[in-house]
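Asker: just to be clear, the model below is a prediction. Sequence and coordinates:
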Amino acid sequence: MFMKMLVSSLIRRRSRMLVALIAIAIGATVLLGMVAISFDIPRQMGREFRSYGANMILVPSGEDALVKLSDAERAAAFIPKEQLVGMTPYRYEIVRINMQGYTAAGTSFDDVRRTSPYWNVNGEWPKGADDILIGSDIAEFTRITPGTVIAITGRSGSGARFKRDMTVSGIVRTGSVEDAFIFMHMPTLEELMGDSGTAEVVEISVATSEAGLGELVSRIEAEVPGVSPRLVKRVTQSETAVLSKLQSLVFLVTLVVLALTMICVATTMMTVVMERRKEIGLKKAIGAGNRSIAAEFIGEGLLLGVAGGLFGGVCGYFFAQAVSMNVFGRSVYLDWKLLPLTAAVSAVVTVAACLGPVRRATDVEPALVLRGE
Amino acid sequence: MNILELKGISMIYGQVKALYEVDLTVEQGEWLAIMGPSGSGKTTMMNIIGCMDKPTDGSVTFDGQEISKLGPSELTAIRRDKIGLIFQQFHLISYLTALENVMVAQYYHSMIDEDEALQALERVGLKDRAKHLPRQLSGGEQQRVCIARALINYPRLILADEPTGNLDETNEGVVMDILSKLHGEGSTIIVVTHDPEVAEFAEKTVFLDHGRINKIVRNSRPANAKTDADALKAAGAL
Ligand SMILES: Nc1ncnc2c1ncn2[C@@H]1O[C@H](COP(=O)(O)OP(=O)(O)O)[C@@H](O)[C@H]1O
Ligand SMILES: [Mg+2]
C-alpha cells in the first residue's frame, strides 16, 4: 500500500513532480558529468605522462651549438634498455610557406608518440617521407586542413634554395610551443638541408626513480663530453597541477549545482506540502501518525531522487563524453559504478531537501479538514 | 451506556468563545444531530468529539477514556481505531482509486485487505466503481466512497459533518439510507447538518448557538423508521 500510494502520487500528479524530477536530473547530469571528467581526464593523462613523458633532455655541451646524434646514441647506451621508453631528436630550421617563415622541426614520429603521448593530432600521423604535421596555430592562421598539399621553400645549409610539395597529414595541438611548429621526418629535413646527424635537443623518457635519473646524468656527463644531460620536470607535474586546480574548480561547480538542485527540490516539495495540506490533514484525521506522513514524503523524495539520479546519470554520461571530446579531445572512460553512486547522491540530496517540507507536513493539524477553507 | 461525555467543554480562540461550557452525553447506539447557524461552534465541537482538537477547558470521556489530557499520537490512535469520519467535501485522495481510498484507512489502521475493502464498497453500492479515480465519480458516489472508508475499521462512532451538504436530493436519500442501515446495525452516529430533514433521522437533535447548547430535542419518530431499502433501490445502490 505504501508503494502504491507513493507511485500513484508521483505518476498521477505528473506535472508537479516533473519539475522536481527535472531539477534532480539536471543536478545528477552535471554531477556525474563533472565527476567523470574531473576524475577520468587527469587519471588518463597522468597515467600516460607518468609512464612515458620525457624526463631528460640532451643539449649541446659548451662550445657546440648542436648535439651530434652519434653522441646521443652513446649517451643512450648508458640507459638500461628496459628503462628507456623513448628518445626523440628535434632539429629546428626555418622554412617558408607562401613567403611566411616558420620553424620546421625534424624528428622521429614514432619516438614522439612515446616521449610526448599527450600530443593531440587531428588527422593522421605522418607516414610517407613528404607527410608533415603542422601546429594548430599555423593551421588556424593559414586555414590549412589535413590532406592539403603545400609548397615548403627555404635555403639549405649551403645556401641553395629548395622547394618541395608536402602533404599535411594532421594538425597537432599541445597547448604549448609545438602549436607554432611544422614537424617533418628527420631524414626529409636532413635531405632538404643537405647535412645530417645533428639535433638541437634530444628528449629522452626514462622509466626510473629520481635517484636513478641523477646517477644517469652524472654518468653521461662524465662519459659523453659532447652532450650535457638535463633533467626536466615531466609534463605531468606541471600539467597535473593545472588539472588539480581544474578539478577543484569542477568540484566547486558541482557543489553549487547540487546546492541549487537542493533548493529547487526543497521549494518544490514545500509547494507540494502546501498544496496537499488538506490531504495530509485528512490522512491524519483518519489515523495516520506523523511517522507515516514523514515516511510517505521522504519515500516520494527517495523515489524522485533515485529516478532523477539514474536518468540524469545517463544524460551525464553523454554530457561528459561531449565535454570531454570538445574540450580535451579525448573520450572519457566511464566507470559504470558512478551511475548507482550518482543515484545515491541524488537520493541523499533529495531526501535532505525534503526534511524541511516534511516537518511542515507533520505539523499540519487534522482539524483543518473539517474547516472549510 | 454512554459512549461520549462532554463536561464543561470550552474552546476559546483569543476573544472568540467558539464553545462555552458545553455538557453533552451520547449513548451507545444513539443517533444524534447537531444543528445551529453558521459560526455557532458545530465544527469546533466535531473536532473535539473526533479527537482532532483539544478543548481549552473541560473533560471529554470517549469510550470510557478521558481524552482531553492525551497527547497527539494517542489522539491519532483513537481516531484511527474508534472513529469514522464523513466529510461534506468527501476528502478523497485524488490520485488513488475508490478502492485504494478505502484501503488507505486499512493501511493506517493495521493491514490492508482488498476483499474487505471491496465488500465495504459493495455495501455502499459501488463495487463496480472500485477502480475509478475520485474525479471519475459523481458527488454522491464520492460521498459513498467516503462512507465506505469511514466504516472499514468498524468504528465505535461515526462522525458526519454536513454529509449531504454537497449532494442533490436523490443522493441525499441514498446516503441517509446507508446511515440508517448502519444505525440499524447498532452504530453510534453524530451528524452535523443545516438541513432539518437530515436532522429528522436522528433520535436527538442538539441546537447550538454562540457556542452554547440552546436546546436538545428528542425526536419521537425518527425518519429512518419509515424508510426502507426502497430509496436505495431507486438510486440504484442495491
Ligand atoms: N482556528 C480558529 N481560530 C479562530 N477562531 C476560530 C477558529 N475556528 C473557529 N473559530 C471561530 O469559532 C466560531 C465557531 O466556529 P465553527 O465551529 O467553525 O462554527 P460552525 O461550524 O458552527 O459554523 C466562529 O466564530 C469561528 O470564527
Ligand atoms: Mg462548520
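Answerer: Looks like it came in fine. Ligands and ions are numbered 1, 2, ... in the order given.
Asker: need the three-state assignment for whichever residue of the stretch 101-250 of chain A sits closest to ligand 1.
Answerer: Closest to ligand 1 within the stretch 101-250 of chain A is A:V250: 52.1 Å, counting by C-beta to the nearest ligand atom. Yep, even glycine has a C-beta here, placed from its N, CA and C like the rest. Secondary structure state of A:V250, per DSSP: H, G, I helix; E, B strand; the rest coil, is helix.
Asker: right, and it touches A:A36 too?
Answerer: No. Counting by C-beta atoms under 8 Å, no contact exists between A:V250 and A:A36, whose distance comes to 10.1 Å.
Asker: so the two - more neighbours on which side?
Answerer: Remark: of A:V250 and A:A36, A:A36 carries more neighbours, 24 against 19, as counted by other C-beta atoms under 10 Å in any protein chain shown.
Asker: tell me if I'm right that the more buried one and A:A320 touch.
Answerer: Yes. A contact is recorded between A:A36 and A:A320 when judged using C-beta under 8 Å, the distance being 4.1 Å.
Asker: what is in contact with the two at once?
Answerer: A:332, A:334 (C-beta atoms under 8 Å, 6 or more residues apart in numbering or on different chains).
Asker: can you tell me the helix or strand for whatever residue of chain B ends up closest to chain A?
Answerer: Per C-beta to the nearest C-beta, the residue of chain B with the smallest distance to chain A is B:R80, at 2.5 Å. Under the criterion of DSSP states H and E, B:R80 resides in helix B:72-82.
Asker: same thing with A:S169?
Answerer: In this structure, A:S169 sits in strand A:161-173 according to DSSP H and E.
Asker: ditto for B:L24
Answerer: For B:L24, the enclosing helix or strand under DSSP H and E is strand B:16-27.
Asker: near chain A at all, that strand?
Answerer: No. Figure legend: strand B:16-27 not in contact with chain A (C-beta under 8 Å from any C-beta of the partner chain); closest approach 11.1 Å.
Asker: elements contacting the helix or strand that comes right after that strand?
Answerer: Per DSSP H and E, the first helix or strand lying C-terminal to strand B:16-27 is strand B:31-35. For strand B:31-35, the elements it packs on are helix B:42-49, strand B:188-192, helix B:196-199, strand B:204-209, judged by 3 or more C-beta pairs under 8 Å, 6 or more residues apart in numbering or on different chains; DSSP states H and E.
Asker: also compute the angle for strand B:31-35 relative to strand B:188-192, please.
Answerer: Strand B:31-35 and strand B:188-192 meet at an angle of 10 degrees, taking axes from the mean of the first three to the mean of the last three C-alpha atoms, to 10 degrees as the criterion.
Asker: quickly run through the sheet partners of strand B:31-35, with directions.
Answerer: Pairing partners of strand B:31-35, with direction, according to DSSP bridges: strand B:188-192 (parallel), strand B:204-209 (parallel).
Asker: report the distance from it to the chain centre.
Answerer: 10 Å (C-alpha atoms, centre = their mean, to the nearest Å).
Asker: what is the mean pLDDT for that strand?
Answerer: Averaging pLDDT along strand B:31-35 gives 95.
Asker: got the CA positions of that strand in CSV?
Answerer: What follows is the C-alpha trace of strand B:31-35 in CSV, where atoms were taken according to Å, rounded to 0.1, in the frame of the first residue of the first chain:
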residue,chain,number,x,y,z
TRP,B,31,-28.1,8.8,16.5
LEU,B,32,-27.5,12.5,17.3
ALA,B,33,-27.9,15.5,15.1
ILE,B,34,-26.2,18.8,15.8
MET,B,35,-27.8,21.9,14.3
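Asker: am I right that the residue of chain B closest to chain A is in contact with B:Y108?
Answerer: Yes. Here B:R80 lies in contact with B:Y108, judged by C-beta under 8 Å, at a distance of 5.8 Å.
Asker: excluding chain neighbours, what is closest to the residue of the stretch 101-250 of chain A closest to ligand 1?
Answerer: Spatially, and ignoring its direct neighbours in sequence, A:V250 is nearest to A:S38 (4.0 Å; C-beta to C-beta, 6 or more residues apart in numbering or on different chains).
Asker: so where does the one you found fall, helix or strand?
Answerer: With the criterion set as DSSP H and E, the secondary-structure element containing A:S38 is helix A:14-52.
Asker: the very next helix or strand once past that helix: which residues count as buried?
Answerer: Heading C-terminal from helix A:14-52, the first helix or strand you meet, by DSSP H and E, is strand A:56-60. Of the residues in strand A:56-60, those buried under the neighbour-count criterion (16 or more other C-beta atoms under 10 Å in any protein chain shown) are A:56-58, A:60.
Asker: list the buried ones in the helix ranked longest in chain B?
Answerer: As assigned by DSSP state H, the longest helix anywhere in chain B is helix B:169-184. Applying a neighbour-count criterion of 16+ other C-beta under 10 Å, one finds B:171-183 buried in helix B:169-184.
Asker: ok, back up a step: give me whichever of the strands paired with strand B:31-35 is most buried.
Answerer: Per residue and on average, the most neighbours among the strands paired with strand B:31-35 fall to strand B:188-192, with a mean of 25 (mean count of other C-beta atoms under 10 Å in any protein chain shown).
Asker: any residue of that strand touching ligand 1?
Answerer: No. Among the residues of strand B:188-192, none lie within reach of ligand 1 under C-beta under 6 Å from any ligand atom; the closest is 7.2 Å away.
Asker: low-confidence bits of chain B, can you list those?
Answerer: B:221-238 (pLDDT under 70).
Asker: who in it is up against chain A?
Answerer: B:43, B:46-47, B:50, B:52-53, B:72-73, B:76-77, B:79-81, B:85, B:87-89, B:91, B:93-96, B:100, B:103-109, B:112, B:133, B:149, B:153, B:161.
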